[in-house]
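K.L.:
prediction below, plus the sequence it came from.
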Amino acid sequence: VPAKLPPVHIVDADPGGAGEGFSLPDAQLHPDFRLWLTSLPSRDFPVSVLQAGIKLTNEPPRGLRVNLMRSFNHITPSQFAECTKTFPWRRLLFGLCFFHGVIQERRKFGPLGWNIPYEWTSSDLEVSWQLLREYLDMSDEIPFDALLYIVGITSYGGRVTDPWDMRCLSSVLRRFFSPEFLQLDHLIT
């Protein structure tokens, strides 16, 4: 019978909680039994479990082109067509995916890219494009200031702790969330 266990990093953050009952010394396990554990990096994760198991990681793609393709794979054709403001939606969605790729790529430059390494994920991108669509549908004009705040400060900026990194993140996002970006002859430089 499938059982849903919480991610391991939540269990070890809850002493005396859900992690207390993992030991089953007399259990008769089926030979095809497999246990999948998910966790963020944690110092409290048991080394013996890591040594005995097969580890899978989901690394961000390398290269801006691959990163853009991966970002667009998360968007279905129906989601791509669901906003009432078709041109600004598609253009700003492309800008958001490009922004996501750029900030992911900056990580490979170490302290020259970001003072502190940040782990932005596809969920940051997904939340941001959903907010982008909602704000475009709600407003008569494109609310660039609101989008810069909600995406740059809240969605992506929520992970940023260094003020210089925040300034850089906001500066990069401003290149994509601006009236100039919506012009047909605009080039990304």
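P.N.:
On my side now, so go ahead.
K.L.:
need the longest helix for this structure.
P.N.:
Counting residues, the longest helix found in the chain (DSSP state H) is helix 86-106.
K.L.:
now do the phi/psi pair for the spatially most central residue of the chain.
P.N.:
Taking CA atoms, centre = their mean, the centroid of the chain lies closest to residue 121, which sits 2.0 Å from it. In terms of degrees, to the nearest 10, the main-chain angles of residue 121 are phi -120, psi 180.
K.L.:
the residue sitting furthest away from the middle of the chain sits in which helix or strand?
P.N.:
Within the chain, residue 26 marks the point farthest from the mean C-alpha position, 41.0 Å out by CA atoms, centre = their mean. Secondary structure assignment for residue 26, by DSSP states H and E: no helix or strand.
K.L.:
measure it to residue 46 for me?
P.N.:
Separation of residue 26 from residue 46 (CB to CB, to the nearest Å): 21 Å. For the C-beta atoms, the positions are set from N, CA and C on the backbone; glycine is no exception.
K.L.:
then residue 77?
P.N.:
Separation of residue 77 from residue 46 (CB to CB): 44 Å.
K.L.:
between these two, tell me which one has more neighbours.
P.N.:
Neighbour comparison, residue 77 and residue 46: the larger count goes to residue 46, with 12 against 7 (by other CB atoms under 10 Å).
K.L.:
if I look at the more buried one, how far off is residue 53?
P.N.:
10 Å.
K.L.:
ditto for residue 178
P.N.:
Relative to residue 53, residue 178 is positioned 47 Å away (criterion: CB to CB).
K.L.:
residue 154 now?
P.N.:
Residue 154 sits 36 Å away from residue 53 when distances are taken as CB to CB.
K.L.:
neighbours around the nearest residue to residue 119 once chain neighbours are set aside, how many?
P.N.:
Closest residue to residue 119 in three dimensions, ignoring its sequence neighbours and counting by CB to CB, 6 or more residues apart in numbering: residue 159, at 7.1 Å. Counted with other CB under 10 Å, residues neighbouring residue 159 total 14.
K.L.:
what of the one 5 residues further on?
P.N.:
Residue neighbour count, defined by other CB under 10 Å, stands at 11 for residue 164.
K.L.:
now do residue 39
P.N.:
Other residues near residue 39 come to 15 when the count uses other CB under 10 Å.
K.L.:
and for residue 155?
P.N.:
Other residues within reach of residue 155 by the criterion other CB under 10 Å amount to 22.
K.L.:
contact partners for it?
P.N.:
Taking CB atoms under 8 Å, 6 or more residues apart in numbering as the definition of contact, the neighbours of residue 155 are 124, 127, 128, 131.
K.L.:
what are the phi and psi values for it?
P.N.:
Its backbone dihedrals place residue 155 at phi -70, psi -60, with angles given as degrees, to the nearest 10.
K.L.:
now it, nearest residue through space, not along the chain?
P.N.:
residue 128 (4.6 Å).
K.L.:
and the one you found, how far from residue 158?
P.N.:
Between residue 128 and residue 158 the distance, using CB to CB, works out to 11 Å.
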